[in-house]
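A.B. asks: Need a 3D model of the following:
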Amino acid sequence: MSALTRILAAAIALSIAWVARAEYPSRPVRLVLPFAAGGAADAVARTLAPALEARLGQPVVIENRAGAEGALAGQAVAAAPADGYTILYAVTATAALPVVGTTAYGPSDFTPITTIGTYDFGMFVSPRVPATSVGEFIAYAREHPGTVNFATLNVGEHFAAAQFMRASGVEMTKVPYRSMAQVLPDMLAGQVHVNFGPLSNGIALAREGKVRVLAMLGPERSLLAPEVPTMGESGMPGVAFESVQMLFAPAKTPAGIVGKLSREVNAVLAQPGIRAKLEKLTLRVKGCTPEDLRRAQADSHAAWARFARDYRLGAE
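C.D. replies: Sure thing, here's the model as predicted:
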């Protein structure tokens, strides 16, 4: 093959690739969630999907792939073609897995698209625990050494509990679950005593008096539960955690496709009706550019590496 032929072939291939990207998407887009249906992230995804479909002109298919604290979903997306048709819905905890645990993929296997918003975390306790404040819960745990446990769905909730144990000096036993639907019945029955998780997962039951929310783990009180103090107000300023909701594509996904996805998702987030629905789900809505998310993740990975060492999160 002559040099001119090779140049022409390369130009044709480049043109074909450019046309394919310009026409993206030409088929359904798969949004992979690392959680079972019915949880906080699932509710956000199912709110966004129809509006995103309208803008992309193609179906957005939600795939719930729970298991291994989110690693199964991460592995599926990391191994998918880098063509923009498979997207990972990640939260702070699942994005941290390659840093704190053993996964078959690493942070470099993903390309940031955008954030969606942040979920407030709360400290929920079983109605069988006679505590109406953080201080009373600590006193109860100290009076019952070796018997208090905490429910956790992922490494983020485990980290929040680890922070609490370090700050309070109490010891609790971890009880892992796959979904919040499994946690709530056990909390009502008193089989697990506390969960540090998204406010949206338990606020309805808290309002019904079936569980108690003792404190918020964010820097300020939630607008949905303004009567609930923060951990700082409860004398535990070092206990803080929020769950950022994010979208990632496989590594090497073309910048044009990533940029289009980011712009379209952010346009959906700006729609008043969608924003109102997401805020009703207790999400603090906030999008960003791919580069903004890339920088935020670099800082987050460094912090999680320190946390993993300090709390031995990957040593289980």
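A.B. asks: Could you pull up the mean pLDDT of stretch 120-128?
C.D. replies: The pLDDT scores in stretch 120-128 average 95.
A.B. asks: in that stretch, what's buried?
C.D. replies: Within stretch 120-128, the residues that count as buried by 16 or more other C-beta atoms under 10 Å are 120, 121, 122, 123, 124, 125, 126. Glycine gets a C-beta too; all of them are placed from N, C-alpha and C.
A.B. asks: Ok, stretch 261-271 next?
C.D. replies: Result for stretch 261-271 [16+ other C-beta under 10 Å]: buried residues 261, 262, 263, 264, 265, 266, 268, 269.
A.B. asks: same thing with stretch 71-89?
C.D. replies: So, applying 16+ other C-beta under 10 Å, buried residues of stretch 71-89: 71, 73-78, 80, 82-89.
A.B. asks: that older thread, which member of the buried residues of stretch 120-128 is positioned nearest residue 183?
C.D. replies: residue 124 (9.0 Å; C-beta to C-beta).
A.B. asks: For residue 228, see how far away the closest one is.
C.D. replies: 10 Å (C-beta to C-beta, to the nearest Å).
A.B. asks: So, low pLDDT: which residues of the stretch 201-316 of the chain?
C.D. replies: Applying pLDDT under 70 to the stretch 201-316 of the chain flags the ranges 312-316.
A.B. asks: Tell me which stretches of it form strands.
C.D. replies: Here the stretch 201-316 of the chain has its strands, by DSSP state E, counting those that start in this stretch, at 212-216, 242-250, 283-285.
A.B. asks: could I have the longest helix along the chain exported to PDB, CA atoms only?
C.D. replies: Identified as the longest helix of the chain according to DSSP state H is helix 290-311. These are the backbone C-alpha positions of helix 290-311, laid out as PDB (Å, rounded to 0.1, in the frame of the first residue of the first chain):
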ATOM      1  CA  PRO A 290     -16.400  16.700  32.900                       C
ATOM      2  CA  GLU A 291     -13.200  18.600  33.900                       C
ATOM      3  CA  ASP A 292     -14.700  19.800  37.100                       C
ATOM      4  CA  LEU A 293     -15.600  16.200  38.100                       C
ATOM      5  CA  ARG A 294     -12.200  15.000  37.100                       C
ATOM      6  CA  ARG A 295     -10.500  17.500  39.400                       C
ATOM      7  CA  ALA A 296     -13.000  16.700  42.300                       C
ATOM      8  CA  GLN A 297     -12.400  12.900  41.800                       C
ATOM      9  CA  ALA A 298      -8.600  13.400  42.000                       C
ATOM     10  CA  ASP A 299      -9.000  15.100  45.400                       C
ATOM     11  CA  SER A 300     -11.500  12.500  46.500                       C
ATOM     12  CA  HIS A 301      -9.300   9.500  45.600                       C
ATOM     13  CA  ALA A 302      -6.400  11.000  47.600                       C
ATOM     14  CA  ALA A 303      -8.800  11.400  50.600                       C
ATOM     15  CA  TRP A 304     -10.200   7.900  50.300                       C
ATOM     16  CA  ALA A 305      -6.700   6.400  50.200                       C
ATOM     17  CA  ARG A 306      -6.000   8.100  53.600                       C
ATOM     18  CA  PHE A 307      -9.300   7.000  55.000                       C
ATOM     19  CA  ALA A 308      -8.800   3.400  53.800                       C
ATOM     20  CA  ARG A 309      -5.400   3.300  55.600                       C
ATOM     21  CA  ASP A 310      -6.700   4.900  58.800                       C
ATOM     22  CA  TYR A 311      -9.900   2.900  59.000                       C
END
